[in-house]
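Student: Here is my input, please return the structure:
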Amino acid sequence: MLFSHSLEVRASGGKARPLLRDRSARGVPRSRRGNVGRRAWRPRPAASRCYHFLQRAMRRRWACPVRRLKLPLMVAAAVLAPAAALAVTDADRVAVYREFRAAFDARRYPDALPLAEKLVGLTQEQYGANGRELVNPLSNLGTTQYRMGDYKDAEDTYLRSVKIAADTGGGHADRLLLRPLQGLGATYYATRQYEDASVTLQRALDLSRNLDGLLNPGQMTILDPLIGSLVNLERHSEADREFQYAVRVAENAWGSSDARVIRPVDHYAHWLEHVGRYPSARAAYARELTVAEGTGTRAARLVIDPLLGIARTYRLEAMNGNDEEAAQYMDPFAQPGPAVYTEHGLRALNPDGEKALLLALQTIDKIRPLDHQIRGTALMELGDWYLCADQADKSFTRYRDAWQEFRQAGSTARLDVPRQLAYRAPSSSASRSPLAERDNDEHSVEATFTVKRDGHTANVITNTSDATAAQQKSVLVAVRRARYAPRLQNGEPVDTEGVTLQEKLLSKKPRQP
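Tutor: Numbering: from 1, shown residues only. From the prediction side, this is the model:
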């Protein structure tokens, strides 16, 4: 370097002042003097620029030798260096994430929440308010808020995560979108925003299939709330398709005889039963029973629910009739013979249903320790069977036994109110009408009545309604034909007044002129 720095001290007001001279530039024109002997100019790092600035300032103020000031100048330069020198590091965020995950996995959500918030703050400080790296920390925060029941904040958090992923990602095949979409859809479902839930979850489902294959098992957690949304929206054909799809996914992932297939098959069977497709529901329960019987030591407990379901579908089909043609399936007990009808024109109860209930009860009695809750459920179902078969004495005996079992289990709440056993809704009901998935007018009828101790209804009247007189009459007729299990008081069946039933009815919208 051709500059030789020297400090000359001049007295000025009792203070020393440094002067910097360029002695090598003597005799050179002023216009060129600044470039003589210098290397090509390069910008210095921020810390270096800060150091040299402080160096010049210290020279001018105190006229001290430069070497003595070097250490203080370097310390000051480090303090004034850019914030990046003290920025959040990946190691900081990993440490907080591990703490969060430990609390979350232990289900200590109040402890996990501030850690999730801290992780979001650190990530935002490191990468900015719209950094793509925020998507997963925001999803973790949203999931914690969801588990704590704070659905409003969870929705806002998931929405922010989805927006960042969509704005910074690779389009419709961006894997980073999957978690926040699934969480947002589940939050909509939990808050009964079923239309928004169905749209968001369908988007997540399509993304999962595009990324991981048509039958990947990761879809199962998306399918459950999606199906629930479709069921609540009464989009029956779509719900049926997704129920079947869930069963296919489980079979493809684990095999048709694996115990993990039982859950989606059982959900499908219950829905088929709910919409009145009793033969198909019974076939699904029989399939569930076959899988349960092959699960080894767990078989005894797993066969109980499908046995109760088979009996229930026989009972409901006899009382409510059947809206679908009989499905071709192998009956788990006997080949069905010709249908037998009662004097009232209803199909008689198939004795195979009673056989299934007794078999379930025998299986329960072999399990140790005895499960009073499950045994009470089987006795209650057997009481329902005998009541619908007009065998009141046998029914009341089973109800009393069930009440005792539930009391030993800790609560008799299931028998403290009347339970609907059979009710065939009017043809214009939302549960049966072909208009259910179209644009239509909705009406409602609320009926009030008394449930007698023998399960029949009495004193049926309309409480409130915005339906036509004909629609109201159809609902009242259906309620009079309904059958209920009576309320038990101290183990004895009693009458119950003021029972209500609300029916939603559909009608075509009038044509616009």
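
Student: which residues in the stretch 51-200 of the chain form strands?
Tutor: Under the criterion DSSP state E, counting those that start in this stretch, the stretch 51-200 of the chain carries no strands.

Student: show me what contacts residue 127?
Tutor: Residue 127 makes contact with 133, 134 under the criterion C-beta atoms under 8 Å, 6 or more residues apart in numbering. Placement of C-beta: from N, CA and C, glycine included.

Student: Thought residue 239 was touching residue 223, still the case?
Tutor: No: with contacts counted by C-beta atoms under 8 Å, residue 223 stays clear of residue 239, the gap being 10.8 Å.

Student: Which pLDDT value belongs to the residue nearest to the spatial centre of the chain?
Tutor: Nearest to the mean C-alpha position of the chain, counting by C-alpha atoms, centre = their mean, stands residue 186 at 3.6 Å. Residue 186 is assigned 97 on the pLDDT scale.

Student: pLDDT below threshold where in the stretch 401-513 of the chain?
Tutor: Scanning the stretch 401-513 of the chain with the threshold set as pLDDT under 70 gives 433-439, 509-513.

Student: lowest-confidence helix or strand of this protein?
Tutor: strand 10-12 (a mean of 38; mean pLDDT, DSSP states H and E).

Student: related to what we said a few turns ago, next one: the residue nearest to the centre of the chain from residue 295, what distance?
Tutor: Separation of residue 186 from residue 295 (C-beta to C-beta, to the nearest Å): 30 Å.

Student: OK, contacts around residue 424?
Tutor: 319, 320, 321, 478, 481, 482.

Student: if you set the cut-off to 10 Å instead, what comes out?
Tutor: Contacts for residue 424 (C-beta atoms under 10 Å, 6 or more residues apart in numbering) come out as 276, 316, 319, 320, 321, 323, 432, 477, 478, 481, 482.

Student: shouldn't the last one be in contact with residue 421?
Tutor: Spelled out, that is residue 482. Yes: Residue 482 is in contact with residue 421 according to C-beta atoms under 10 Å; the separation is 8.0 Å.

Student: Would you tell me what the next helix or strand after the helix or strand that contains residue 459 is?
Tutor: Using DSSP states H and E, residue 459 falls within strand 457-465. Moving toward the C-terminus from strand 457-465, the next helix or strand (DSSP H and E) is helix 469-481.

Student: which other residues reach that next one?
Tutor: Outside helix 469-481, the residues that touch it by C-beta under 10 Å, 6+ apart are 319-320, 344, 346, 422-429, 443-449, 456-458, 460-462, 465-468, 499-503, 505-507.

Student: For that helix, what is the distance to the chain centroid?
Tutor: 37 Å (C-alpha atoms, centre = their mean, to the nearest Å).

Student: buried ones in that helix?
Tutor: Neighbour counts over helix 469-481 (16 or more other C-beta atoms under 10 Å) mark 471, 472, 474, 475, 476, 478, 479, 481 as buried.

Student: how near is the nearest residue to residue 426 once chain neighbours are set aside to residue 88?
Tutor: Closest residue to residue 426 apart from its sequence neighbours, by C-beta to C-beta, 6 or more residues apart in numbering: residue 474 at 3.9 Å. According to C-beta to C-beta, residue 474 stands 67 Å off from residue 88.

Student: confidence score at residue 178?
Tutor: 95.

Student: Check residue 17 too.
Tutor: 42.

Student: can you check residue 346 too?
Tutor: Confidence at residue 346, expressed as pLDDT, is 49.

Student: With residue 174 instead?
Tutor: pLDDT, read off for residue 174, is 89.

Student: ok, now how distant is it from residue 197?
Tutor: Applying C-beta to C-beta, the value for residue 174 to residue 197 is 21 Å.
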